[in-house]
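Engineer: attaching a predicted model along with its sequence, questions to come.
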Amino acid sequence: MRRAVYGRRDGSVAAGGRPRGLLSAHVRIAAACVLVLSAPLLARADALEVASRYEPRPELNEAPDGMLYRWISPFYMAIPSDWKPTNTSDPVGFGPGFFTGVHPDQAEFASADEDFAAVSARRLAPFGKGGPGCFAEFLEEDARRGRIKDLVLQEAESNIGGRRAMLYSYSAEVATSAGPRKREGRIVVSAVPESDGKHTIVHLYGSASTLDKLRRKINKILISAREANQPLVHASSFPYDVGGDIFDLVYGPAAAADGSVAVGEGWRRTRVRVFERKGKPVAEWGSVGDGEDGIFNNPKSMVFAPDGSLCILDEGFSEDSGVRRFSRAGKSLGRIRVDKQALGEDGIDTAWFMTVLDSGKVVVAGSSEKFGEARRFLVFSQDGELLAKWDSDPTGALASYPGDRLVVTRPNPKSEKNPVIAVVDLEGRAAREWSMYGIGLPPARGDEDVRFEPKYLAADARGWVYALDSRHAVWMYDEEGRFMYAVPLEPEMSTVNGMAVRPNGELVLIGRTDSRKPGEKPGEPLVHLFGNAFPFRREEDSGDRQAR
């Protein structure tokens, strides 16, 4: 075992490493535990078949008492059940994870008696001297520069997740806005990097007093790591531009239970393309103008109905606005008007969302007045009869939900930065609602300052909700609103233009990727298919849940 002492109170350094100068003093010491394991076991297969090819993955409740198996890329770890998820990188620059006590963003201001501990992850290439020890170099640099005091760093051989590893334990005093605080922790690094040269890093970090109270749980976290495919696995991608003919201002996608995908083009040419599940285009139709047979003014939203037809909301620039139903080949099957010229004061001035529920009922949402913020919801029968109407405060993302309900985002009375997610009936009454952390987790100081912006919502046939936030991570909640998993998109995407989910929980996204894979153009507009490691299977499933 190597033991080194750094940063004595007189400013001298007993031993040190190459200066890095990466982080402010109060967060440099925050890194308490880093684990390095292999990359996730990504499955590459047809999206509808990929779920059956997963490596065994732990169920939530397989963890020790008081803990749950959570996803922290690239593995599942047992996390205390009262720890809350984070949606940003931690103060040391690693990825999303979980925390207890004060939110990590507020750790700088935590008092001496406030709890603070967190775990997070990221994959990084080695730097500095290289090898496992390079990930502790920032500690040595801070000690050399006097940013931290009384650094004690110990090294020993260890094992994590069945792999040989190096363990670095340390403690130090750091200066914070609330005064000097003692931080301590451990860094565990696998001895060998992955094939791409990167190490997957997980940290457990926090105040010394909190880590001391949680020492047994921390040990359980460290020995619990299990490799398996992540909850949402990228299965395949295909371009929605065909033969160099570029779609502009795209909307959708619509995703059918049989694997079909539809993508629409906005007001410029207003075409619709339908693909089979492996990406082969099977139909294209649509043009700009006034009429019903595949001619649109300003299409906004699309969804496959339970009978397999494709419904498209045409905003129509406040006139002739409505829902049009088509066969997959583009044959007009009917129309429902929603504008005020057709419905009078019950109508919608600017329609922007539409979905079809399991029963076949059609729901349209939009602004009740020109340039107004109030939201109006209209519910129609399959034949176009207006069944219900209600107005509400401004809402954000919307999606259909099992049992003839909707899932929506609403303003959070406790914070303007993170809305709540609510399941509502067809009169707008909330059956339940929850914050970004899900139902049942305790509040903490700093929660109100966390920014969470669900851009798209979707739900599968069992009632799981999928929220894509502005940082391109998909947050998954069960049918009760309990937080399940948060999965950063892989491959990384520069833009996401739409999300839908099939009844079994498979996701379909459209957008541009940052990938540089052979044969894939940078920024190419693609349809991305994601298999679900926790699929819902029901023989009678049909129809789709469409995200706004």
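Structural biologist: Cool, the structure landed.

Engineer: going by C-alpha atoms from here, please, whenever you check contacts or count neighbours.
Structural biologist: Will do.

Engineer: any chance you could map the strands in the stretch 401-548 of the chain?
Structural biologist: Using DSSP state E, counting those that start in this stretch, the strands assigned to the stretch 401-548 of the chain run over residues 405-412, 415-424, 430-434, 454-459, 465-469, 473-477, 483-488, 493-501, 507-513, 525-532, 545-546.

Engineer: is R216 in a helix, a strand, or coil?
Structural biologist: Using DSSP: H, G, I helix; E, B strand; the rest coil, the secondary structure recorded for R216 is helix.

Engineer: most packed of the strands of the stretch 401-548 of the chain?
Structural biologist: Comparing the strands of the stretch 401-548 of the chain on average neighbours per residue, with mean count of other Cα atoms under 10 Å, the densest one is strand 545-546 at a mean of 34.

Engineer: verify the stated contact: L386 with L378.
Structural biologist: Yes. Counting by Cα atoms under 8 Å, L386 does reach L378; the two are 7.1 Å apart.

Engineer: between those two, which is the more surrounded one?
Structural biologist: In terms of neighbours (other Cα atoms under 10 Å), L378 is the more surrounded of L386 and L378; the figures are 22 against 18.

Engineer: am I right that the more buried one falls within a helix?
Structural biologist: No. Counting by three-state DSSP, L378 is not found in a helix; it is strand.

Engineer: for it, which residues make a bridge with it?
Structural biologist: Each beta-bridge partner of L378 is listed here: V364, K389, as defined by DSSP bridges.

Engineer: which of the strands of the stretch 401-548 of the chain sits closest to K217?
Structural biologist: Smallest distance to K217 across the strands of the stretch 401-548 of the chain (Cα to Cα): 19.8 Å, for strand 483-488.

Engineer: from the contact counts, what lies against that closest one?
Structural biologist: Judged by 3 or more Cα pairs under 8 Å, 6 or more residues apart in numbering; DSSP states H and E, the packing partners of strand 483-488 are strand 67-72, strand 473-477.

Engineer: show the contacting residues for the most centrally placed residue in the chain.
Structural biologist: Against the mean C-alpha coordinate of the chain, by Cα atoms, centre = their mean, the closest residue is V474 at 1.7 Å. Contacts of V474 were listed using Cα atoms under 8 Å, 6 or more residues apart in numbering, and they are Y466, A467, L468, A486, V487, P488, L489.

Engineer: got these as JSON lines, with distance to V501 and pLDDT columns?
Structural biologist: Output for those, formatted as JSON lines (distance: Cα to Cα, whole Å; pLDDT from 0 to 100):
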{"residue": "Y466", "distance to V501": "8", "pLDDT": "98"}
{"residue": "A467", "distance to V501": "11", "pLDDT": "97"}
{"residue": "L468", "distance to V501": "12", "pLDDT": "94"}
{"residue": "A486", "distance to V501": "16", "pLDDT": "91"}
{"residue": "V487", "distance to V501": "15", "pLDDT": "90"}
{"residue": "P488", "distance to V501": "16", "pLDDT": "85"}
{"residue": "L489", "distance to V501": "15", "pLDDT": "84"}
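
Engineer: quick one on the thing from earlier: which of the strands of the stretch 401-548 of the chain has the lowest mean pLDDT?
Structural biologist: Mean pLDDT across the strands of the stretch 401-548 of the chain is lowest at strand 545-546; the value there is a mean of 48.

Engineer: adding distance to A117, write the helices and strands packed on strand 483-488 out as JSON lines.
Structural biologist: Compiled in JSON lines, these are given as follows (distance: least, Cα to Cα, whole Å):
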{"stretch": "strand 67-72", "distance to A117": "15"}
{"stretch": "strand 473-477", "distance to A117": "22"}
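
Engineer: of those, which is nearest S111?
Structural biologist: Ranked by Cα to Cα, the member of the helices and strands packed on strand 483-488 that lies closest to S111 is strand 67-72, at 26.7 Å.

Engineer: walk me through which strands that closest one pairs with, and which way each runs.
Structural biologist: Sheet pairing for strand 67-72, assigned by DSSP bridges, gives strand 75-80 (antiparallel).

Engineer: so which residues of the stretch 301-450 of the chain form helices?
Structural biologist: Counting by DSSP state H, counting those that start in this stretch, residue ranges of the helices within the stretch 301-450 of the chain are 340-343.

Engineer: low-confidence ranges in it?
Structural biologist: Of all residues in the stretch 301-450 of the chain, those with pLDDT under 70 make up the ranges 317-319, 370-373.

Engineer: which stretch among the strands of the stretch 401-548 of the chain comes nearest L232?
Structural biologist: The closest of these to L232 is strand 525-532. By Cα to Cα, the value is 4.8 Å.

Engineer: which residues are contacting that closest one?
Structural biologist: If you take Cα under 8 Å, 6+ apart as the criterion, strand 525-532 is touched by 47-48, 50-51, 231-241, 504-513.

Engineer: for it, the distance to its chain's centre please.
Structural biologist: Here the centre of mass of C-alpha atoms in strand 525-532, compared against the chain's by Cα atoms, centre = their mean, to the nearest Å, lies 14 Å away.

Engineer: same question for stretch 121-140.
Structural biologist: If you compare the mean C-alpha spot of stretch 121-140 with that of the full chain, they lie 27 Å apart, counting by Cα atoms, centre = their mean.
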